[in-house]
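Q: got a predicted model here, sequence first, then my questions.
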Amino acid sequence: MKSKTDLMADLYKETDTDPHELQDPEVAHLVIEGNKVLGMQGVPGFHVDVRELEDGVDIKVKLDEGTKLRKPVHLCFGLYSDTGVQRIIMNVDIGKNSQISLLAHCVFPFAIDVQHIMDAKIRIGDGARYSYFERHIHSPKGGVKVYPKAVVEIGKKAHFKTEFELLKGRVGLIDIDYETICEDDGIVDMTARISGRDDDIIKVKETANLKGENARGLLTSKIAVRDRARAEVYNKMTATGAYARGHVDCKEIVQDDGVAVAIPIVEVHHAKAHITHEAAIGSVDSRQLETLMSRGLSEDDAVELIINGMLSE
Amino acid sequence: MGVLEAKNLKLQLNGKAILNNLSINFWDGHIHAVVGPNGAGKSSLAAAIMGLSGYRGFEGEVIFEGRSIKEMTIDERARAGITLAWQEPARFEGLTIKEFIKASAKDKSDEAIVNVLKQVGIDPVEHMKRAVDKTLSGGERKKVELASILALKPKVAILDEPDSGIDIESIERIFDAVRILKEGGTTVIMITHSLAVLDHAEHAFLMCDGQVVDQGGIGKIRKYFEGKCLTCDHKNLPLQEIGGQK
């Protein structure tokens, strides 16, 4: 039986992150394997409370009003075994005029039949800035089903930014469901970058309600599907506030027998609001492909490079 | 000695003859220019040699170093030693200049990439991490593409309109890069209708209506091209329609 420290080090090694970063007293962190807390550290103004559940954890996070964390908070959720369920319930309360950036690694390196369910409620106080970067490391076998769900309330002049990215391994199933409500002068910026292959399934549903006057929104999806993988992107942006501005952008590359569906929905309920959308689905650009092949790259390597570039943009 | 030879190439696109029984022979280690008016078939010849999609169904042969490359894919031709720089280089979202050059470079070290960027007049410090996308001007993308060819060190480099989109101040850098390629043993084929480019070649072919109609020293071809082709208004009508005009 591995010690908590060894297990934590193993999980972190998969993320290519130096586990020594967690020893920095200025870096708050929370590391959870299954339903067990392997490590936890707070910093002044940042409070975490974790309750174990049978199949996961219930986490309450609070950032005090006016607290600005200089260094990102490290979160690591994972299952080191090949089967099981990890359910994360998160309640996040970000105080007014505070600032926090969270780097969340979700690690399932040996999954054959694993479910990771995240159910988050996030309240971002007026004038606060909240960034959440979710990086996944999956098994190469694709035996992971991931259900990240969040409802986010963005206060006046508050800023919410999130990025979802699969760093290693196969998708399995990813079913993202994020809903945001943005008050006056608030900003929402959500990005998903995912590449699927074999029989992976990618579902992205991101909703931005630009309720407040002068609210701003950007929904970006960069998806690639190869082999028999399937992607469905339903991005919806609604503007009800005067001078609300937003853009929905979806780019999907389809290779082999992959299938990509993009349904951008934009709704404007105010004459002084404005939303645009752009969706492009297709194969890899032939000029790009032929350029790289004329430099000696095989077709597969050229496609890989083009897709990686598109996803990293 | 010929390194790359096209024999009796015939290619039709949309029912129109683009290459008309064209034969051409490029000498090893030389800087060649293929000149001709717009629509003469110069870029189509380049595309057929590289094996680009839409240009593979030709009659005739393309011989490289004594063997046919007609059945080879683009990457097989490239690995054999032939490469092409497009007139309008591709844009790559998210792919940095460093990654783009490194993908094809023989020497993948940072030092080598810095070196080729300097050779084409691109500041490596400012540009290495920039993407090869719409934020670069057309001229910058041309230089980056040329840098990638310098890094590749091919046996044959086909440069389609190498001066297109390049500002006057940078044009000499392009010709410097052509000289560097030659010094490294690369046979350079410049596709052009620019007299400035023609002047930097050692040997030229004149194309019209999908055929090579003349070849020889730069002075001879320049005189004919400048005097007759640039003023010609037949717009590459088939030879039989223009009779003895050429």
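A: Everything's here; your move.

Q: please go through the chain and pick out the longest helix.
A: All of this is about chain A. As assigned by DSSP state H, the longest helix anywhere in chain A is helix A:299-312.

Q: please go with chain B instead
A: Per DSSP H, chain B has its longest helix at helix B:138-152.

Q: go through that one and flag the buried ones.
A: Residues of helix B:138-152 classed as buried: B:139-152 (neighbour count, 16 or more other C-beta atoms under 10 Å in any protein chain shown). C-beta: built from backbone N, CA, C; applies to glycine.

Q: for the helix or strand that that helix is followed by, buried residues please.
A: Counting by DSSP states H and E, the next helix or strand C-terminal to helix B:138-152 is strand B:156-160. Across strand B:156-160, burial judged by 16+ other C-beta under 10 Å covers B:156-160.

Q: what about whichever residue of the stretch 151-300 of chain A sits closest to chain B, helix or strand, and which?
A: Nearest residue of the stretch 151-300 of chain A to chain B: residue A:295, at 3.2 Å (C-beta to the nearest C-beta). Using DSSP H and E, residue A:295 sits within no helix or strand.

Q: ok, it - contacts?
A: Residue A:295 makes contact with B:78, B:83, B:103-104, B:148-149, B:152 under the criterion C-beta atoms under 8 Å, 6 or more residues apart in numbering or on different chains.

Q: those: which ones sit near chain A?
A: Residues of the contacts of residue A:295 in contact with chain A (C-beta under 8 Å from any C-beta of the partner chain): B:78, B:83, B:103-104, B:148-149, B:152.

Q: quickly name whichever of the residues you listed is closest to residue A:167.
A: Residue A:167 has its nearest neighbour among the ones next to chain A among the contacts of residue A:295 in residue B:103, at 20.7 Å by C-beta to C-beta.

Q: export the helix or strand where the closest one lies to PDB, keeping only CA atoms.
A: Taking DSSP H and E as the criterion, residue B:103 maps to helix B:97-104. Provided in PDB are the C-alpha atoms of helix B:97-104 (Å, rounded to 0.1, in the frame of the first residue of the first chain):
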ATOM      1  CA  ILE B  97       7.600  29.700 -36.400                       C
ATOM      2  CA  LYS B  98      10.000  27.600 -34.300                       C
ATOM      3  CA  GLU B  99       7.800  24.600 -34.500                       C
ATOM      4  CA  PHE B 100       7.200  25.000 -38.200                       C
ATOM      5  CA  ILE B 101      10.900  25.200 -39.100                       C
ATOM      6  CA  LYS B 102      11.900  22.500 -36.600                       C
ATOM      7  CA  ALA B 103       9.400  20.100 -38.200                       C
ATOM      8  CA  SER B 104      11.400  19.900 -41.400                       C
END
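
Q: what residues does it touch?
A: The contact list for helix B:97-104 (C-beta under 8 Å, 6+ apart) reads A:292, A:295-297, A:301, A:305, A:309, B:92, B:108, B:110, B:113, B:116-117, B:122, B:127-132, B:144, B:147-149, B:151-152.

Q: tell me the buried residues within those residues.
A: Among the contacts of helix B:97-104, those scoring as buried are A:292, A:295-297, A:305, A:309, B:92, B:113, B:116-117, B:122, B:127-128, B:131-132, B:144, B:147-149, B:151-152 (criterion: 16+ other C-beta under 10 Å).

Q: residue B:114 - that's part of a helix, no?
A: Yes - assessed by DSSP: H, G, I helix; E, B strand; the rest coil, residue B:114 belongs to a helix.

Q: in space, what's closest to it - neighbours in sequence excluded?
A: Distances taken as C-beta to C-beta, 6 or more residues apart in numbering or on different chains place residue B:124 nearest to residue B:114, at 4.3 Å, with adjacent residues excluded.

Q: quick one: name the residues of chain B near chain A.
A: B:50, B:52-53, B:73-75, B:77-79, B:83-84, B:86, B:89-95, B:99, B:103-104, B:131, B:133, B:145, B:148-149, B:152.

Q: which of those residues fall within strands?
A: B:83-84 (DSSP state E).
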